[in-house]
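S.K.: Need coordinates for the following:
(chains A and B)
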Amino acid sequence: MIGPIVQWVNTLLFFYYLVCNLIYLRLLVAAIKASVNQNRRQKTAWLDRVRRSPLTPPISLLVPAHNEERSIVESVRSLLALDYPDFEVIVTNDGSKDGTLAQLVEYFQLTQSDYLYLPQIETKPVRGVYLSRTERKLIVLDKEAGGSKSDAINAAMNLASKPYVCVVDADSMLESDGLLRIMAPVVNDPDRVVAAGGIVRVINGSRVTNGSVGDVRLPWEFLEMMQVEEYLRAFLIGREGWNAFNMLLIISGAFGVFRTDLCKQLGGFRRGAIGEDLDLVVRMHRQLREQNQKYRVHFVADPVCWTEVPSTFRSLGNQRARWHNGLAECLWHNRCMLFNSRYGRIGWVAIPYMWLFELIAPVLEILGWVSILVAAFLGLLSRRFFIQFLLFGYVFSTLISVGSVLIEEMTYKRYNNWRDLARLICFCFLEHFPYRQIHALWRLRGIWQYLRGNHTWTKIERVGLGTSPKPSVAAG
Amino acid sequence: MPSVSRLLDLMGPSGLIVQALLASLVAVVGLLAFILLRRGARRLYFWRRDRRVLEVRAEWDAIVDGSIPPRSWVLGRMSRDIVEGILLDRIEVASPEEVERLLECLRFSGLLDARIHEARIWRGWRRHKALLALGRMRAPEAIPALAEGLDDAGEECRGAATRGLGRMGLPRAAVPILQRVSAGKLEAPSSLLQDALINNCRPTPGLVLTFLLKAVEGARPLLARVLGEIATPDLDEDLLLLASDESPEVRASAARALACAKPGLAVSILAGLVDDEEWFVRLRAVVALGELEDPRAIPILLHGLCDRNRQVRIRSSCALSRLKNHLEDILCLALRTQDAYAIQELVSELERSCGVFELVTALGDSRRRAKAEAALLAALRGGRRILLDLVLHHENWRTRGALARLLSRSGDPELPKMMELFDSPGLPLRKRRVLRWLARQLAPAQASLSQAARGWHDWPDCAVGQHAAVLLLPGL
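M.R.: The predicted structure is shown next:
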C-alpha cells in the first residue's frame, strides 16, 4: 500500500521540480536580456537630466526605526546626503526601548515641536514630532510601539507631504544617486509607473565612511556570504525576470518608491501584515486591475540600497521565518486573486507561482526528503537515478547562481576585486548543502508561526553601520 | 563503439536526467569561462584604451585644430571613439567660442556626417547611440536626422531623438517635436518631451502657445505644462485665456505660469483659481501666489489656508511664511479665520521655516514690537517649546530678555511643566537661573491666568485677543 503512494509522491515531486526549474531558467534568460538592455540605457541615461528637470517629483523618505540605536545616525546621515533635488526624511521611532530617539535627538539637535500630525491612516498614538536645528529636511516622529513595521511606516506616511514616498529601512544605506536612479522610470512614465523598487545589497564586509559605502567588499563570514549570493539571485534574476513580464509582486521594504496618493487610497501598509512590502504591492495590483487601469510596477537594478544582514544563525532564522510568515499571511489575505481572470496574468501566473513555488516549497522540499528516505527503506529507490537526480539538482541550482554572478559581472559589477569574484563563484557551489536545507526548515517554521497566529515584528540583531562624528549647528 | 545517445538509452529512464545534467554542467562551465575571459579581456581593453587616451590628450590641441590629419585617428575605432568621447564631454562644459571650435573639428573630421549617416540608416541600439551622440554634438545640421528619429518604430530610439533634440537649445529644434505632439503623432515619455521642449522653447514661449491653441485634446495638458515652466510676463493675456480652460490640467499649468506674470494681473487671476473645484488647480494657484511674494495675495492665501484639502493648506502656509515682513499681520489674520487646522498648519510652518525666529527678532524693533508680541503670544500654544529654546539660546541677549519677560506675562500653565524638560544638569548655571526666574514669575498660575486674559482683552481687536487666549489657555 505504502509503496505506490511513495512512488506517486515521488513522481509528483519530480514534475514539480521540473516545472520549477523551467521557470527559473526562463526567468534567468529574461533577466539577462533585461539587465543588458538596462545597462545600455544606463550608459546613455543622463542622471543630470533627472536632477535638473523641474518635472522631477519630490519624495518623502519614510524610515521606520525600532531599536536601531546602533545604525540610526549613520543611516539618517546617509539619507540626508542623497543627491536629489527635493526630498524630506521622516523617521518614525516605533516605541524603541533602546536609545534610538536619544541618538537622533543628540546628533541632529532635535527639538520637540507641535508640527501638525493628521492621522489620515490609523496608527498607534504619536507621542511627538521632532524637528532638527541642523537639518531642515529631517522630521522625527516618536510613537508608541505598533508591533509591526507597517504601523511605523503609516505614521510617517501621515506626515508625508510629497507625491511619492520612498520606504527605506533604518539599517540600510542608499547610494548617493540611488533616488535619482530609482525615480528614472517614474520620471519617464509618471502616468503609468505607480511603484518602483531598487536592488538591495549586503553591506557586511564593506567599509562605511561618513554615511556612505566606501570600499565595496564581500564579507568573510560564511553565513553572510550565503546571503550575498541569495540577494544577487533574488534581485538580479527573480525581480528582474518578473519585471520583464510586468508581474513583479515584491518591492523590497528596504528600498521602494510608491505613489503617495495610491498608498493612502489603499489605507497605507496593512496593519498586522508582516510582509508589508509584498502585501502593499499585491494590493496595488489588485486595486488597479479591478479599476482596469494601465499601470506598471518597476524594478530598477542599478539604484543600490546597502543593508546589513544578520550574521548569526538565530537572527537569520528569525528573519527568514518572519518573511515566510508574512508571505503566507499576504497570500491568504489576497486568496481571491488566485486563478481569478479579473486579475489577468497576476491572478493566473504570479500569484499561483507564489503559492506553489514559494509558499509551499519548503513543505514539498521536506516531503521530498522524507519520501526519498521511505523509498530507500522500502527498496523502491534506484540508487543510480537518485544520484543522477541529486547531481542534476546541484548543477542546475549552481547554474542559476552562476547566472546571477554573470548578470552582476556584465552589468553592475560592484565587486571589482578578482578575489571577490573568485569567492562569489565558489559560494555558488557551496550553498546547496547544508544551508539550503536549514533554510527550508526556517521557512517551514514561518508557516508554522503563521498557522499559530504569531504576527510579531521580531528584532534582528545587528552590529551597526559605523560611528559618525557629531556635526555642529553651523554645519547644517 | 556505441554512441553517446545509445549509451544514454542504455542507462534507462534516467537518460533525460543525465542529458539535463550534462547540459547544465556545460552551461555552468561555459558561463564561468565567459565570466573569467570577459573580465580578463576587458582588463586588457581598458589598459590599452587608457594608454591611448593619454596619447590623445597629449596631442589634443593638434587634433582639434587639424594639424594632425583626421585620417590618422578616424580610421581606428578605438581612437575615433576616444576623440569623439572627449569632444562631446568638452562641448558640455565649453564656452560658446570653444564649442564652435570643437564643432568645427567634428565637421572637418567627418565625425558629424558619420553620425548623421548612422542615425539615418541604422536601427535599434546602434541608431539609439548615434541619435544620442548627435544630440550631444548640438550641431544644427543634425536636426533633420534627429527629427527622422522621432518617427522610429522603437520607443528607445524615439526617446533618444527627443533627448537629442532637447539638447540643442534652439527653437527650431522644438518645431519637429511640437508638430508631432500637437497632432498626437509622437509617443514618447511625457517627461522627455517636456524637458526637450522646455530646453528649446525657453527663449520663445510664444511658440509653444501657438501649437497649444491648435493641439489635439490629449496633447494640451503636456504643452500647457511646458508653458507653465517657461512663461514670461508678456504672456499675461494668453494665460488669462488658459486659466479659464475646460481642462483642469491646463488650468493648473496656467496657474503655474502666472507665477512669472506681472503681479497685479496674476493675483487677480489666481484669486479665481484658488476657488477651483479641482484640488491640484487650487494647489498650483497658492504655490504661484507664494512665488509672487506679493502682500496683496495675503487674504487669498488665508482663504487657501482654510481649504478642505490638506496639501492646499500646507502650500498656503508655505506661501504665507515667505512673506517675512508681514508675519505678524498674517498670524493675526489667521486667528480671525477661527479655523484650528489652518492656524496649526501656519504655526507649524512658521516653526519649520524659522518664521518664529523672525517674529522674535521683531521684538527688538519698536515699530513691529506690538504686533509681534500679539502674534507670538497667539502662537505660544503651537510653539512654546521653540520659544523656550530661544529664551535660552538666542544670540542676542536683549531679545532673550524681551522674550523671557513676554513669556512671564503669558501665564501659560503648561510652561513650568515644559521648563522642567529644559532644566537638565548639563545646562549652564546662567541659563538655569533664567528658567528659575521664569518659573517664579509663572508660579501664581491663577493670578497670571486672569492677568493674561485681561491682557488679551486689552488688545484693540477683541476677537483676536479672545481667540488667541482660548488657544493659549485651554482651561480659561
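S.K.: could you check whether the longest helix anywhere in chain B is close to chain A?
M.R.: Ranked by number of residues, the top helix in chain B under DSSP state H is helix B:15-58. Yes - under the criterion of Cβ under 8 Å from any Cβ of the partner chain, chain A is reached by helix B:15-58 at B:17-18, B:20-21, B:24-25, B:27-28, B:31-32, B:34-35, B:38-39. Where you see a C-beta, it was placed from the backbone N, CA and C, and this is true even at glycine.
S.K.: Beyond that helix, next helix or strand please.
M.R.: helix B:60-65 (DSSP states H and E).
S.K.: Please name every helix or strand in contact with that next one.
M.R.: Judged by 3 or more Cβ pairs under 8 Å, 6 or more residues apart in numbering or on different chains; DSSP states H and E, helix B:60-65 is in contact with helix B:77-93, helix B:96-108.
S.K.: Show me which residues of the shortest one are buried.
M.R.: What it means is helix B:96-108. Within helix B:96-108, the residues scored as buried using 16 or more other Cβ atoms under 10 Å in any protein chain shown are B:99, B:102, B:103, B:105, B:106.
S.K.: next one: stretch A:174-186
M.R.: Buried, per 16+ other Cβ under 10 Å, within stretch A:174-186: A:174, A:175, A:177, A:178, A:179, A:180, A:181, A:182, A:183, A:184, A:185, A:186.
S.K.: ok so, going back, pull out the buried residues from the residues of helix B:15-58 next to chain A.
M.R.: Here, 16+ other Cβ under 10 Å leaves B:17, B:18, B:20, B:21, B:24, B:25, B:27, B:28, B:31, B:32, B:35, B:39 buried among these.
S.K.: isn't the last one right up against residue A:420?
M.R.: No - counting by Cβ atoms under 8 Å, no contact exists between residue B:39 and residue A:420, whose distance comes to 11.4 Å.
S.K.: Next, check the buried residues of stretch A:174-186 against the helices and list the overlap.
M.R.: Among those, the members found in helices (DSSP H) are A:178, A:179, A:180, A:181, A:182, A:183, A:184, A:185, A:186.
S.K.: from memory the first one sits against residue A:301, does it?
M.R.: Yep, that's residue A:178 we're talking about. No - look at residue A:178 against residue A:301 with Cβ under 8 Å: they stay out of range, at 11.9 Å.
S.K.: any common contacting residues for these two?
M.R.: Jointly contacting residue A:178 and residue A:301 under the rule Cβ atoms under 8 Å, 6 or more residues apart in numbering or on different chains are residue A:198.
S.K.: And the residue nearest the centre of chain A?
M.R.: residue A:252 (2.7 Å; Cα atoms, centre = their mean).
S.K.: secondary structure element for the closest residue to that one other than its chain neighbours?
M.R.: Leaving aside its sequence neighbours, residue A:252 sits nearest to residue A:200 (Cβ to Cβ, 6 or more residues apart in numbering or on different chains; 5.0 Å). According to DSSP H and E, residue A:200 maps onto strand A:193-202.
S.K.: Nearest to residue B:352, out of the buried residues of stretch A:174-186: which one, please.
M.R.: Within these, proximity to residue B:352 (Cβ to Cβ) peaks at residue A:179, which comes in at 21.7 Å.
S.K.: can I assume that closest one is in contact with residue A:166?
M.R.: Yes - look at residue A:179 against residue A:166 with Cβ under 8 Å: they come within range, at 6.8 Å.
S.K.: which among the buried ones among the residues of helix B:15-58 next to chain A gets closest to residue B:130?
M.R.: Nearest to residue B:130 among these is residue B:39, at 28.8 Å by Cβ to Cβ.
S.K.: And that closest one, how close does it get to residue A:424?
M.R.: 12 Å (Cβ to Cβ, to the nearest Å).
S.K.: just residue A:47 next, same as before
M.R.: 27 Å.
S.K.: pretty sure residue A:54 is touching residue B:202, no?
M.R.: No - look at residue A:54 against residue B:202 with Cβ under 8 Å: they stay out of range, at 11.3 Å.
S.K.: Pick out the residue of the stretch 51-200 of chain B closest to chain A.
M.R.: Scanning the stretch 51-200 of chain B for proximity to chain A using Cβ to the nearest Cβ identifies residue B:189 as nearest, at 4.0 Å.
S.K.: Phi and psi next, for that residue.
M.R.: Here is the backbone geometry of residue B:189 (degrees, to the nearest 10): phi -50, psi 130.
S.K.: Tell me how many other residues surround the closest residue to it other than its chain neighbours.
M.R.: Spatial nearest neighbour of residue B:189, chain neighbours left out: residue A:188 (4.0 Å); criterion: Cβ to Cβ, 6+ apart. By other Cβ atoms under 10 Å in any protein chain shown, the residues close to residue A:188 number 20.
S.K.: same thing with residue B:171?
M.R.: With other Cβ under 10 Å as criterion, residue B:171 counts 17.
S.K.: pLDDT value on it, please?
M.R.: On pLDDT, residue B:171 comes in at 92.
S.K.: and what of residue B:304?
M.R.: pLDDT, residue B:304: 92.
S.K.: Can you tell me the SS state at it?
M.R.: Look at residue B:304: counting by DSSP: H, G, I helix; E, B strand; the rest coil, its state is helix.
S.K.: so can I have a markdown table of the helices and strands packed on helix B:60-65 showing mean pLDDT and distance to chain A?
M.R.: Formatted as a markdown table, the helices and strands packed on helix B:60-65 follow (pLDDT from 0 to 100; distance: least, Cβ to the nearest Cβ, whole Å):
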| stretch | mean pLDDT | distance to chain A |
| --- | --- | --- |
| helix B:77-93 | 92 | 9 |
| helix B:96-108 | 92 | 18 |
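S.K.: what would those helices look like in CSV with distance to residue A:287?
M.R.: Listed next are the helices and strands packed on helix B:60-65 as CSV, based on distance: least, Cβ to Cβ, whole Å:
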stretch, distance to residue A:287
helix B:77-93, 44
helix B:96-108, 51
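S.K.: Would you agree residue A:270 is in contact with residue A:281?
M.R.: No - Residue A:270 lies out of contact with residue A:281 (Cβ under 8 Å); the separation is 11.6 Å.
S.K.: quick one, what contacts the closest residue to residue B:309 other than its chain neighbours?
M.R.: Residue nearest to residue B:309 in three dimensions, not counting chain neighbours: residue B:279, with 4.2 Å by Cβ to Cβ, 6+ apart. Contacts here follow Cβ under 8 Å, 6+ apart; on that basis residue B:279 touches B:307, B:309, B:311, B:312.
S.K.: that older thread, quick one: which of residue A:54 and residue B:202 has more around it?
M.R.: residue B:202 (16 against 13).
S.K.: ok, the more buried one to residue B:220 distance?
M.R.: Residue B:202 sits at a distance of 20 Å from residue B:220 (criterion: Cβ to Cβ).
S.K.: can you give me the helices for the stretch 51-200 of chain A?
M.R.: When secondary structure is read from DSSP state H, counting those that start in this stretch, the stretch 51-200 of chain A shows helices at A:72-80, A:100-108, A:149-159, A:178-188.
S.K.: The second one and chain B, are they touching?
M.R.: No - for helix A:100-108 and chain B, the contact criterion (Cβ under 8 Å from any Cβ) is not met; the two come no nearer than 11.2 Å.
S.K.: pLDDT on that helix, on average?
M.R.: Average pLDDT, helix A:100-108: 93.
S.K.: Then the first one?
M.R.: Here the mean pLDDT over helix A:72-80 is 89, rounded to a whole number.
S.K.: Next, the angle from it to helix A:178-188.
M.R.: Helix A:72-80 runs at 40 degrees relative to helix A:178-188, counting by axes from the mean of the first three to the mean of the last three Cα atoms, to 10 degrees.
S.K.: Tell me which residues touch residue 181, please.
M.R.: Because you didn't say which chain, this covers chain A. Applying Cβ under 8 Å, 6+ apart, the residues contacting residue A:181 are A:47, A:198, A:300, A:302, A:303.
S.K.: try chain B instead
M.R.: Listed by Cβ under 8 Å, 6+ apart, the contact set of residue B:181 reads B:193, B:197, B:211, B:215, B:219, B:222, B:223.
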